[in-house]
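In: how would this look folded up:
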Amino acid sequence: QVQLVESGGGLVQAGGSLRLSCAASGRTFSSYAMGWFRQASGKEREFVAAISWSGGSTKYADSVKGRFTIFRDNAKNTVYLQMNSLKSEDTAVYYCARSGRYYSDTNGYNYWGQGTQVTVSS
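Out: Next comes the predicted model:
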């Protein structure tokens, strides 16, 4: 059973930064692509960022490109999302997910964490 536990969310002012972490259970973390998604209140969940199993390839939503960075530490079974220059529209619950497919296939994520709230005040 895969368990993904997010942390690092909170309240931040616009223009500020936060780093989210997602710790995964199991010994096969390094074999899988990982991603971050978010869901704002009243909206559908949307893709934010993804990273290949090795960390060598990444993909971002246009709305976060240049502001967010996804990276991973396979020795620690952890994937991160560094969020800079935060905007009020980044306010959402952020979810970590594991993919069973190629990292850029946003429909391939089939294991999810419980989410962590990020609130950006303007």
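
In: quick one: contacts for Gly115?
Out: Gly115 sits next to Glu6, Gln39, Val93, Tyr94, Tyr95 when contact means Cβ atoms under 8 Å, 6 or more residues apart in numbering. C-beta coordinates here come from the backbone N, C-alpha and C atoms, glycine included.

In: Now with 10 Å, please.
Out: Leu4, Glu6, Gly9, Phe37, Arg38, Gln39, Arg45, Ala92, Val93, Tyr94, Tyr95, Cys96 (Cβ atoms under 10 Å, 6 or more residues apart in numbering).

In: Any of the residues you listed buried? List them.
Out: Buried by 16 or more other Cβ atoms under 10 Å: Leu4, Glu6, Gly9, Phe37, Arg38, Ala92, Val93, Tyr94, Tyr95, Cys96, out of those.

In: now the fifth one: how far from Val64?
Out: Between Arg38 and Val64 the distance is 9 Å, computed by Cβ to Cβ, to the nearest Å.

In: joint contacts of those two?
Out: Common neighbours of Arg38 and Val64 (Cβ under 10 Å, 6+ apart) are Phe47, Val48, Ala49, Leu81, Asp90.

In: TSV for the residues you listed, including pLDDT and distance to Ser30?
Out: Shown next, in TSV, are those (pLDDT from 0 to 100; distance: Cβ to Cβ, whole Å):
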residue	pLDDT	distance to Ser30
Phe47	98	22
Val48	98	21
Ala49	98	18
Leu81	98	18
Asp90	98	29
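
In: Brilliant, that's me finished.
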